[in-house]
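J.: Below are the sequence and a predicted model for it; my questions follow.
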Amino acid sequence: MSIVGKNDIQQLVAAGQEGLAKGRLPAGLVANAELHKLEAQRVFGRCWQFLAHETEIPQAGDYVVRYLGGGSIIVVRGEDGEVRAMANSCRHRGTMLCRTEMGNTSHFRCPYHGWTYRNTGTLAGVPAQKEVYGVEMDKNEWSLTQVPRLENYRGMIFGCLDEKAEPLVDYLGDMAWYLDLITQKSKGGLEVRGEPQRWIIDSNWKLGADNFVGDAYHTLMTHRSAVELGLAPPDPKFASEPAHIGLSNGHGLGVLGVPPGQPMPPFMNYPPEIVDGLDQDRADMLQRSAFIHGTVFPNLSFLNVLIGRDNKSMPVPMLTFRLWRPLSHDTMEVWSWFLVEKDADEEFKQQSYETYVRTFGISGVFEQDDAETWRSITAGTQGILAGSQTLNFEMGMGVLTSDDTWRGPGRPLSSGYAERNQREFWGRLLELLTDSGDDASETEPKPQLLAQSRTNADEVA
């Protein structure tokens with residue numbers, strides 16, 4: 001059904017919800033300027049979003065500048081050791097305080113009139129205060145505006161602009177179990193190495209999130225050149241099994257091995273001393289895995305993969321977090337972090353870093369493949385004709401079965417070639433965008449940390 005030319009964006013959203021039940025999505029939802037405005041309010045104004053990793057600000061006074069709800073945010077470890085996030089905006093005239101992306105300071109001073117704030121956000125000094133404001137000026141009233149909700153999960157710092165939002169661990173639901181799998185392999189946890197790489201793509205942000213939440217199918221064609229170069233297993237279906245895992249709140253992931261008979265080192269080739277922090281279920285899962293990808297709704301994705309940095313090197317595991325930051329309806333800024341176990345030896349850290357740079361860094365072989373595809377989709381869904389067509393999201397419906405051998409939570413399908421997670425990602429997005437989505441937090445069921453029911457429309461009865 002074409003609804004191009006109609007002003008009511010809610011009609012397009014409703015068409016998307018109706019279509020997803022049948023595995024269809026209106027192309028006009030991919031990169032829509034009016035939808036982008038609604039997303040800013042109802043998605044990024046309500047959901048928990050990743051801001052930083054605690055190892056980026058290890059010392060008192062360390063800060064980084066990030067973005068939340070379309071605005072610049074200072075994430076800082078105060079002199080008291082507490083991590084805070086606050087608007088990068090002076091309370092006098094709104095001037096941005098931090099002009100550098102990271103650093104260490106005891107105070108933030110406004111370059112306009114000199115109002116000065118402690119790194120805890122409290123107003124410490126006002127030039128000529130007694131003469132122009134009087135001695136009774138209440139500085140506590142003019143502290144920097146704090147992000148209403150700030151929580152830390154396994155070193156990952158999340159912020160939320162909705163004061164009434166559910167606790168972060170409830171928002172994550174069963175995704176928390178899998179975040180533990182990639183962040184808690186060793187007792188020391190993770191550290192960020194270097195600054196996050198950043199680049200801009202002429203693509204809508206949802207395409208990156210959609211890809212990582214469940215699309216193993218694209219490896220068959222998009223990354224075929226990497227197979228030919230010897231950077232991936234020779235079987236083009238190497239990312240097809242075993243599991244595509246549906247979760248709550250629009251989150252999802254794939255935990256994939258290699259085809260039967262294909263040799264693979266255990267535990268993704270992590271050194272034995274690195275994986276000693278895992279419990280038995282997670283250890284069993286990691287032992288047979290080579291590729292873990294997922295998305296924490298709305299725009300944080302992760303990739304933990306065993307891969308060679310070139311066709312002559314032994315495959316080495318690497319881990320990256322990436323944030324799809326929307327700049328407009330057809331442009332996003334990608335933030336990409338490299339993380340590695342703190343207690344790994346320096347040689348392993350360097351090998352893992354080089355693997356990240358050459359494969360999924362800004363100029364990595366795989367990264368360039370994906371960026372070009374997302375740019376092409378954004379352009380290819382524009383215009384009256386292309387924007388009015390329907391896209392196929394049917395993969396796996398009525399075909400795939402549940403993997404009853406799966407040891408982790410969620411709703412696992414027996415193949416990584418599926419689109420249930422993508423349908424659920426878009427479904428959650430559209431739910432938040434509906435006019436009735438204003439009450440969604442009060443009416444929808446709370447996510448469960450325990451394994452959920454595994455019945456699903458994708459599964460064969």
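T.: In hand now; what should we look at?
J.: can you tell me how far the residue of the chain most remote from its centre sits from Met137?
T.: In the chain, the residue that sits farthest from the middle, by C-alpha atoms, centre = their mean, is Glu131; the gap is 49.3 Å. To Met137, Glu131 is 11 Å away according to C-beta to C-beta, to the nearest Å. The way it works is simple: take the backbone N, C-alpha and C, and place the C-beta from them, glycine included.
J.: Can you give me the distance of Gln287 to Phe348?
T.: According to C-beta to C-beta, Gln287 stands 18 Å off from Phe348.
J.: the more surrounded of these two?
T.: Using other C-beta atoms under 10 Å, the more surrounded residue of Gln287 and Phe348 is Phe348, with 18 against 15.
J.: That one is in contact with Glu273, isn't it?
T.: No. Judged on C-beta atoms under 8 Å, Phe348 makes no contact with Glu273 at a distance of 10.0 Å.
J.: how many other residues sit next to the residue lying closest to Ser363 once chain neighbours are set aside?
T.: Spatial nearest neighbour of Ser363, chain neighbours left out: Val357 (7.8 Å); criterion: C-beta to C-beta, 6 or more residues apart in numbering. Neighbour count of Val357, defined by other C-beta under 10 Å: 18.
J.: show me where pLDDT drops low in this structure?
T.: Counting by pLDDT under 70, the ranges of the chain that qualify are 1-7, 217-218, 220-241, 258-260, 436-461.
J.: Report all helices and strands that the helix or strand hosting Leu429 contacts.
T.: Leu429 is part of helix 420-433 when elements are defined by DSSP states H and E. Identification of packing neighbours for helix 420-433 by 3 or more C-beta pairs under 8 Å, 6 or more residues apart in numbering; DSSP states H and E yields helix 9-20, helix 33-42, helix 205-214, strand 242-246, strand 252-256.
J.: After the last one, which helix or strand is next?
T.: Reading on from strand 252-256 to the C-terminus, the next helix or strand found by DSSP H and E is helix 280-287.
J.: now the strands for the stretch 101-250 of the chain?
T.: 102-104, 107-109, 116-118, 123-125, 149-153, 156-160, 190-192, 197-201, 242-246 (DSSP state E, counting those that start in this stretch).
J.: Give me the distance from the fourth one to the chain's centre.
T.: Relative to the chain's own centre, strand 123-125 is displaced by 36 Å; criterion: C-alpha atoms, centre = their mean, to the nearest Å.
J.: Quick check: which of the helices and strands packed on helix 420-433 is nearest to Ala165?
T.: helix 33-42 (12.9 Å; C-beta to C-beta).
J.: can you list the residues that contact the helix or strand following the closest one?
T.: Next helix or strand after helix 33-42 toward the C-terminus (DSSP H and E): strand 49-53. The contact list for strand 49-53, computed with C-beta atoms under 8 Å, 6 or more residues apart in numbering, reads 64, 66, 68, 73, 75, 85, 150, 155-160, 190-192, 296, 298-300, 321, 323, 337, 339.
J.: Name the residues that touch whatever helix or strand comes next after strand 49-53?
T.: With elements assigned by DSSP H and E, the helix or strand that comes after strand 49-53 is strand 62-68. With contacts defined as C-beta under 8 Å, 6+ apart, strand 62-68 is touched by 44, 49, 51-52, 56-57, 72-77, 85, 88, 98, 100-105, 119, 147, 159, 161, 325.
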